[in-house]
Every structure is written in C-alpha cells, then in structure tokens.
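Trainee: Please find the sequence and the predicted model below.
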Amino acid sequence: MAALSQVFRNAYRLKRHPAPHRRALAWHYILMQLAYSLYYRYAKSQPKSWRALGMEFHFFKFRPFLDLFEDIFITQPYYFETQNKAPVILDCGANIGLATLYFKKLFPASRITAFEPDPKTHAMLQKNIAANNFQNVTAVQAALSDNTGPAGFYADPHDPGNFCQSLDAARMKGEKIEVQGVKLSDYMPGEVDYLKLDVEGAEDKVLQDLISSGKIKNIKRFFIEYHHHIDKSRDDFGAFLKLLEDNGFGYQLDAKAVAHKTGTYQDILIFGWRKAGL
C-alpha cells in the first residue's frame, strides 16, 4: 500500500501518460487511497465493491484490490495503441478481472477472452463482467499450458484471488485442486492485437504451444510477466528471449534490480511487438 505522499506522486505522473481519462483516473485513485488510509484501514467492515470511472469493481479484499488497481490502472503496463477500434485481446491470468476492465475502458468495443482457472476467482471475474454489462467478453475457467486435460493447480482456499496461484507448487504452497488445462492456440482463430500473459510460471509452456502450433505469428503485441527463479537452480530466461527473437519479435524489459542476491525470485516484464506487419 503506497504512502499518501507516493499516492499523490503517482497521480501526478498520470499527466505525462498518453492514456485517456487521466484526470478522472487520478481523482478516483486518490479518493480510494484516502478512504482506506483514513477509515477502512481500521474499520471492521470492509467494502466488497467500489464504483469508479463509470465501472463497478467487485473484489474479495479491499487492500489487495487497491494494490491491483494501482498496478494496472495507475502504472498502466498494459497500455497499447492500435488503429483497430475493436481489438482482439487475450487476458491470460485474468484473476478477478481488473485487466479486462482496464482493456474495456481503453477500447470499449474490444473483443476479450479472459482465462482464470481458480473456481472462486473465476466466479469473481464473471461477476465483474456481468456487473458492467460487457459485450464480447468470454471468461474461460481453465489453466493455460502446453496440453489439454486435467491439471493440478495450487491455490489457497482461504485467500481467493491470491496473485501467486499457479500450476507450479513451488510458486504457490497452497491446496492442490484439479482444474482443466487448455492450450492458448485453441482459442486463436485469427489475429490477436494484444496478448497479456501472466500465468505464474507457465509462460514457457504457453510460448512453446504457440510456437509448435504456428499461432505465434498471429500475435501483434504482447505483455509477458516472466517469473524468474521460481526454481532457484534454473536460469532459462535467455532461452525464453531467444524463442521470441527467433519468431520475429522485438521487446523491451523492465524489472527491479536484485543485485548481490543470487537465485532471488524476480518478476521480469517483457513488452513485445511483431517486427513485421505492424
């Protein structure tokens, strides 16, 4: 949770961002943060929903919602520009749906497929879609991988919406449940304007599926969150980037430095684009 001084700095930085609705976004962000800091931090009763930017947001817990709202709507890592007024977007690792809401605010006519395997989290994702009367949004309750069929998924039944839920037990030390595993390539009949991939360690399997199926060529732009050192002994990031390069993508990287800490877990953000055809 950001200190109030940082909240105002974050809101001020929106002035330099090209995304629309900057003034309204800054106002709602400050209002939410003040409500938490001055009241809800100490209150026994916590809100389960919030209205902002002409949309309804439903969530499990207020504080994680504020953190997620800041990560998506204030930092805006998923912002992109396109001439297509109804872009095709894949929201992979949708959680409760804040990225889907963000995309719908950015492109109201966008066509979105959102993937979330955890049953409780998926139900909240559906609630957010229904509450906002979104059209052309499909929520798929499944885990993305390189094969189809039943898959073991690790989640905390007492903390639905946890950001670390994963197919990898090393990423989420929770309860193992059975979910449906699917291949992303099966949900890509045509060109994809934007792929958001945040699947807590399964990104390498998803990429391999896209390459082996030939569907990788359908993607114009992407955001991938690479989860480095879930297994401290594995250093495969270079090979992951090589696959992107070999398939015609350029990219930019963003990560927090963890110098002098060997084997430390690290989120690495990859912003990419297909070099030919844009």
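Mentor: Cool, the structure landed. For clarity, every value in this text was computed on a predicted model and none was experimentally measured.
Trainee: Tell me if I'm right that residue 109 and residue 89 touch.
Mentor: No - if you go by CB atoms under 8 Å, residue 109 and residue 89 don't touch, sitting 11.1 Å apart. The C-beta positions use only the backbone N, C-alpha and C, and glycine is treated the same way.
Trainee: Helices of the stretch 151-278 of the chain, start to end?
Mentor: Under the criterion DSSP state H, counting those that start in this stretch, helices of the stretch 151-278 of the chain are mapped to 203-213, 237-246.
Trainee: Out of those helices, which one sits most buried?
Mentor: Of all the helices of the stretch 151-278 of the chain, helix 203-213 carries the top mean neighbour count, a mean of 19, counting by mean count of other CB atoms under 10 Å.
Trainee: That one to helix 237-246, inter-axis angle?
Mentor: Inter-element angle recorded for helix 203-213 and helix 237-246: 30 degrees (by axes from the mean of the first three to the mean of the last three CA atoms, to 10 degrees).
Trainee: if we can go back for a sec, now the helices of the stretch 151-278 of the chain in JSON lines, please, with extra columns for mean pLDDT and distance to residue 129.
Mentor: Listed next are these as JSON lines, based on pLDDT from 0 to 100; distance: least, CB to CB, whole Å:
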{"stretch": "helix 203-213", "mean pLDDT": "97", "distance to residue 129": "22"}
{"stretch": "helix 237-246", "mean pLDDT": "97", "distance to residue 129": "31"}
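Trainee: I'd like the ones you listed as TSV, with distance to residue 254 appended.
Mentor: As requested, these are exported to TSV (distance: least, CB to CB, whole Å):
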stretch	distance to residue 254
helix 203-213	15
helix 237-246	14
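Trainee: chain center to the helix or strand hosting residue 68: distance?
Mentor: For residue 68, the host element (DSSP states H and E) is helix 62-69. With CA atoms, centre = their mean, to the nearest Å as the basis, helix 62-69 stands 14 Å off its chain's centre.
Trainee: Pull out the buried positions in that helix.
Mentor: Under the neighbour-count criterion of 16 or more other CB atoms under 10 Å, helix 62-69 has 62, 64-66, 68-69 buried.
Trainee: which of these lies closest to residue 266?
Mentor: Nearest to residue 266, judged by CB to CB, of these is residue 68 at 19.6 Å.
Trainee: tell me the phi and psi of the residue nearest to the closest one when sequence neighbours are not counted?
Mentor: Closest residue in space to residue 68, ignoring its immediate chain neighbours: residue 98 at 5.2 Å, by CB to CB, 6 or more residues apart in numbering. Note on residue 98: its backbone torsions stand at phi -70, psi -30 [degrees, to the nearest 10].
Trainee: who has more neighbours, residue 109 and residue 89?
Mentor: Shown here are residue 109 and residue 89; by other CB atoms under 10 Å, residue 89 has more neighbours (27 against 11).
Trainee: sorry, back to before: I figured the residue nearest to residue 68 hits residue 67, correct?
Mentor: No - at 10.4 Å, residue 98 and residue 67 do not qualify as touching, with contact defined as CB under 8 Å.
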